[in-house]
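> Provided below for reference: sequence and predicted model.
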Amino acid sequence: MKRMTALFSAALLSAGLMSVTAHAQEDTAANASVSAEASVQAQDFSDTQLQQFADASQEIAVLSQEYTERLQAAEGEEAQQQVRVEANEEMVSVVEESGLEVDTFNAIGQAIQQDPELMKRVQEMAQS
């Protein structure tokens, strides 16, 4: 169970890192956030998408741990920012290689926070 908590914490952390980058690029971040929340509640995810999320989350958990250590070891704000950028790029790559778009991965991450049954399904997929 400890591993599962770490898995989803890392996935949600990575979703947060990716969404920060996405929102920084948009002028209407507040509007995008509101519409993203509405689409999370309205959207149903396929079993394939949930499995892709579970698989990517496991890889991201490993990356998150590695980059957390590197971030703590980095000296100065510039070095820390460089580690964050590199971590974000790696996590985006993992998500895209899983077959999901970053927005879909983030939406699933938000949805599992709001829906305990959905979280349970994804946890079961991650264990198999």
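Okay, I see it.
> biggest helix in the protein by residues?
Using DSSP state H to define each element, the chain has its longest helix at helix 47-73.
> give me the mean pLDDT for that helix.
For helix 47-73, mean pLDDT is 94.
> any buried residues in it, and which?
Applying a neighbour-count criterion of 16 or more other Cβ atoms under 10 Å, one finds 49-61, 63-64, 67, 70-71 buried in helix 47-73. Every C-beta, even on glycine, is put in place using the N, C-alpha and C of the backbone.
> counting neighbours, which bits of whichever helix or strand comes after that helix end up buried?
Proceeding N to C from helix 47-73, the next assigned helix or strand is helix 77-98, under DSSP states H and E. Judged by neighbour count (16+ other Cβ under 10 Å), helix 77-98 contains these buried residues: V83, R84, A87, N88, E90, M91, V92, V94, V95, S98.
> packing partners of helix 77-98?
helix 2-25, helix 47-73, helix 102-114 (3 or more Cβ pairs under 8 Å, 6 or more residues apart in numbering; DSSP states H and E).
> just confirm A56 contacts L100, I think it does.
Yes - in this structure, A56 is within contact of L100 by Cβ atoms under 8 Å, at 6.5 Å.
> Q51 - nearest residue in space that isn't next to it in sequence?
In space, and not counting its chain neighbours, Q51 is closest to M125: 5.1 Å by Cβ to Cβ, 6 or more residues apart in numbering.
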